[in-house]
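1. attaching a predicted model along with its sequence, questions to come.
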Amino acid sequence: MIDIKTYGEFKTSWCPGCGNHDVLVAVKEALADQGILPHQFVMVSGIGQAAKIVHYLKCNGFNGLHGRALSPAQAIKLAHPEMTVLVESGDGCTYGEGGNHFLAAIRRNVNITLIVHDNQIYGLTKGQSSPTTMTGHVTKNNPLGVVDQPFNPVAVAVAMRAGFVARTFSGFHEHAVQTIVQAMRHPGFALVDMHSPCISFNKVNTFAWYKARCKEVSHDPKDWATAMTVAQTFGEEIPIGVLFREERPSKDTMLPQCADGALYRKAVDMAAVKRCMLAYA
Amino acid sequence: MPRNRRAWATKELSVHKELHLIMGGEAGQGLDTVSGLLGKAVVRSGRHLLAAQHVMSRVRGGHNNFRLRIGARPVQGPPDSFHLLAAMSRESVDLHKDKLKEPGIILADAAWELPVLPGMVAIPFAELASRPVFRNVALLGVLGAMLGLEASLFEEQLEEQFRAKGDEIVSSNLRVLAAAMKWAAENAPSLPLPESAGASGMLSMDGNQAVVLGALAAGVRFCGYYPMSPATSIAEGLVQAAVEMGVVVEQAEDEIAAANMALGAAYAGARSIVPTSGGGFALMTEAVSLAGVSETPVVFVVVQRPGPATGLATRTEQADLDLVLHAGHGEFPRAILAPATLEDCFYLTHKAFDLAEKSQGPVFVLSDQYLASAVRSVAPFELDGLPSVAGPDLKDSDPENYRRYNWAKPVSPRRIPGHGQSLVLVDSHEHNEAGHIIEDGGTRVRMQDKRLAKMGVLLSEVLPPEFSGDEEPDLLLVGWGSTCEVLREVTARLRASGVKAACLCFTQVWPLIPETFMPHLEAARTVVTVEGNSTAQFAGLLRKTTGFHIHDTVLRYDGRTLTAGFVMERLQPILEAL
Ligand SMILES: Cc1ncc(C[n+]2csc(CCOP(=O)(O)OP(=O)(O)O)c2C)c(N)n1
Ligand code: SF4
């Protein structure tokens, strides 16, 4: 067990009381719990309030573009399989701008952990609805209430048989930490949809709102059909915990090219290049 | 057939210095196979080759053609007229018969019962090939015999090609080949190849394959791509070599992911390449900008095809210079290399990796469909003499104080996450030396100045344009990328006809160093750029960077390859006005 001070103390630009502060502590504790030192992991993020997390702890970090966190993250793991790769970003970033990448990442099953700070709103751009905003929610860009149906990330992930699908709430500290730890230990793509309130722009899905609704699941996470049903539940009750779990080899362990560790360490095999070239004779 | 033979035999037959063949037919008839097998046999026999393809964006039907130029000496651009037309479809006869030189040979199917034209050879395909699938091999046999190539040159290749499909297929093909060669020896005129150059051990490949070899020789480790003609075969070539050479090739969900993945892999230390075409590259521009601000080395290979948007999928153009030059928002340095030859495809791709690492940013190889798919003969590349490619800083000294964007020098040491204790933080936002987000103006200016100063690294390695011809010419032709070879040929023809001419060929189009070419522009009476686009983009770039107004342009944008004949024709009014 490492002291969480190892990951540094930084001044953040988050509003006091924002759920992101809790996620940050939970992530640090999950890392400390597993004895992962700053130089042993890479944290990748997109753009938004949540995505700034890379700057608030000591780590190797890739703070890329809006919606694109998953793309570099998967490539980092493929190019450098011994690194632990964590991805964190907001719901707009991951499920909106990055929706296609989210689906592809589930299919690709590279061994990385995705933690989505799901505050059901766009924080950084000040209060527009996000893909997970509930129907009827009045937001800045939806004065008459959101008409579209919300995107259900966990149901989609379970439907696609993502290897590890969990939901948690940043206000339940221990639950959040343990869920992240389990996700990171899962040998494949793992999704943690972490509800984490935006106190400035989402006056509907508040700490109290989640607290009253989030209830630990009780089903066997290997039971896909039940997981499918549980994943659909969101409203008066919000099941949290590991909704679905299924192990299969991750892509980074299936490619022979990745078997000898980081790609950058391989010297150019000029004799092999020559063989390739002379095949054109 | 005797009648045809006599008709032909009345003409004097001489050994051509160069032989020009065109083969036309429907997609799906296997003409590409004939072109490939014939081309390889020609190269293995010691002749030089250029085989350009004109194909339609369809899998069956339509009309495709393959144009072969065979020489005792290295051959340049594609030919305009032909000694022989091998038609696999009737349409092909109508489309191309006017392109024949006098006297010309037309190979047609006897079953078409065409009116006999001079030089027409009616091949009894129905007899020679028991099934339509064998017709292409029958044509290959006829051509091989006419050109006087040894049967063994084809037998080896057919065996290689069909081995996986079983002995039965191999022997059927060999039987058809033998029958066709025998028939041709008795019934078709001979069309001797140019003398063998005696250049043994030459290779034959297309531009994309040379790009793949260049990347492999540079130690490429990651390729992110999404299929798009005519760039796809680069990724496919890397896939072929992936396991042996240790390259991860990821077909991403879209171009956005492909490019962002390449940046992630590069951050993790893997040399990365992104092959694409204009339409795909348009989607990647955000990643180009990210490479700029995050100072991540990455090589983009943009194989141009006609636009706007989806344009002509299988044709050629040089209209993405402006796009590549300006791709990405904000300001940051970049280099754009534009290969003119197969050798350039190899050596410049290799160099692109080195430049990307040295400047820590995006470097572009700007190719086009013609260059990418034309097969040529080439001497093996010099692997031993290749300069080494720059690499990241693997020392991990004083990790506590490591700053990814240390601004003591324009190019900060780039470390690899997980290699030692140094923490590597890269950021798409404006950042401080440690990589953390900042908003203060002073840091912004300093960081932007640091990034722009990396241009110095690129400038120190610019490839100057190649000048050849008369020193103070009446006509100076200026070209870039794949048009260069045609310009050299046109210049030679003009000079042979007494015109004082020269050409200036750019294989790097950005950055430009005016001192390396301005004297040539100023010394010429008339300066004409020859480009494969409709707005003379390179002429515009020259004006923007030097203030020099190009006098005239020859532009081709019908999707077809630029040829010496096309350029000569367009030059006529300019020459008359000289
Ligand atoms: C390509 C691009 N489009 C739009 C933006 C503007 N933008 C910044 S953050 C953001 C939304 C953030 O919402 P979310 O992902 O939910 O994160 P939060 O701020 O709520 O944590 C948007 C649209 C951008 N930076 N880049
Ligand atoms: S705006 Fe919302 S998401 Fe952003 S820091 Fe404030 S509370 Fe958090």
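-> Yep, it's here. Ligands and ions are numbered 1, 2, ... in the order given.
2. which non-adjacent residue is nearest residue 267?
-> I went with chain A, as the question did not name one. Nearest residue to residue A:267 in three dimensions, chain neighbours excluded: residue B:219, at 7.6 Å (CB to CB, 6 or more residues apart in numbering or on different chains). Any C-beta I mention is one placed from the backbone N, CA and C, and that applies to glycine too.
3. I was thinking of chain B, sorry if that wasn't clear
-> residue A:62 (5.5 Å).
4. for the one you found, give its distance to ligand 2.
-> For residue A:62, the distance to ligand 2 equals 21 Å [CB to the nearest ligand atom, to the nearest Å].
5. where does that residue sit: helix, strand or coil?
-> Three-state call for residue A:62 (DSSP: H, G, I helix; E, B strand; the rest coil): strand.
6. and it, what does it touch?
-> The contact partners of residue A:62, taken as CB atoms under 8 Å, 6 or more residues apart in numbering or on different chains, are A:42, A:43, A:44, A:45, A:54, A:72, A:73, A:76, B:264, B:267, B:294, B:426.
7. pLDDT score assigned to the closest residue to residue A:108 other than its chain neighbours?
-> In space, and not counting its chain neighbours, residue A:108 is closest to residue A:251: 5.4 Å by CB to CB, 6+ apart. With respect to pLDDT, residue A:251 scores 98.
8. run a quick neighbour tally on residue A:251.
-> 20 (other CB atoms under 10 Å in any protein chain shown).
9. backbone phi and psi for it, please?
-> Dihedral angles of residue A:251 (phi, psi; degrees, to the nearest 10) stand at phi -60, psi -40.
10. same thing with the one 4 residues further on?
-> For residue A:255, the backbone dihedrals (degrees, to the nearest 10) come out as phi -90, psi 120.
11. wait, it sits on residue A:79?
-> No. Using CB atoms under 8 Å, residue A:255 makes no contact with residue A:79, being 10.8 Å away.
12. show me which residues of the stretch 1-150 of chain A sit near chain B.
-> With CB under 8 Å from any CB of the partner chain as the criterion, the stretch 1-150 of chain A meets chain B at residues A:38-40, A:42, A:44, A:47, A:52, A:54-55, A:58-65, A:68, A:70-76, A:78-80, A:82-83, A:100-101, A:103-104.
13. circling back to that earlier point, who has more neighbours, residue A:255 and residue A:79?
-> Remark: of residue A:255 and residue A:79, residue A:79 carries more neighbours, 30 against 18, as counted by other CB under 10 Å.
14. and the more buried one, what is it in contact with?
-> Counting by CB under 8 Å, 6+ apart, residue A:79 has contacts A:262, A:263, A:264, B:221, B:222, B:248, B:264, B:265, B:268, B:269, B:270.
15. turn those into JSON lines, including secondary structure and distance to ligand 2.
-> Formatted as JSON lines, those follow (DSSP: H, G, I helix; E, B strand; the rest coil; distance: CB to the nearest ligand atom, whole Å):
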{"residue": "A:262", "secondary structure": "coil", "distance to ligand 2": "35"}
{"residue": "A:263", "secondary structure": "helix", "distance to ligand 2": "36"}
{"residue": "A:264", "secondary structure": "helix", "distance to ligand 2": "36"}
{"residue": "B:221", "secondary structure": "coil", "distance to ligand 2": "38"}
{"residue": "B:222", "secondary structure": "strand", "distance to ligand 2": "34"}
{"residue": "B:248", "secondary structure": "strand", "distance to ligand 2": "35"}
{"residue": "B:264", "secondary structure": "helix", "distance to ligand 2": "25"}
{"residue": "B:265", "secondary structure": "helix", "distance to ligand 2": "31"}
{"residue": "B:268", "secondary structure": "coil", "distance to ligand 2": "29"}
{"residue": "B:269", "secondary structure": "coil", "distance to ligand 2": "34"}
{"residue": "B:270", "secondary structure": "coil", "distance to ligand 2": "34"}
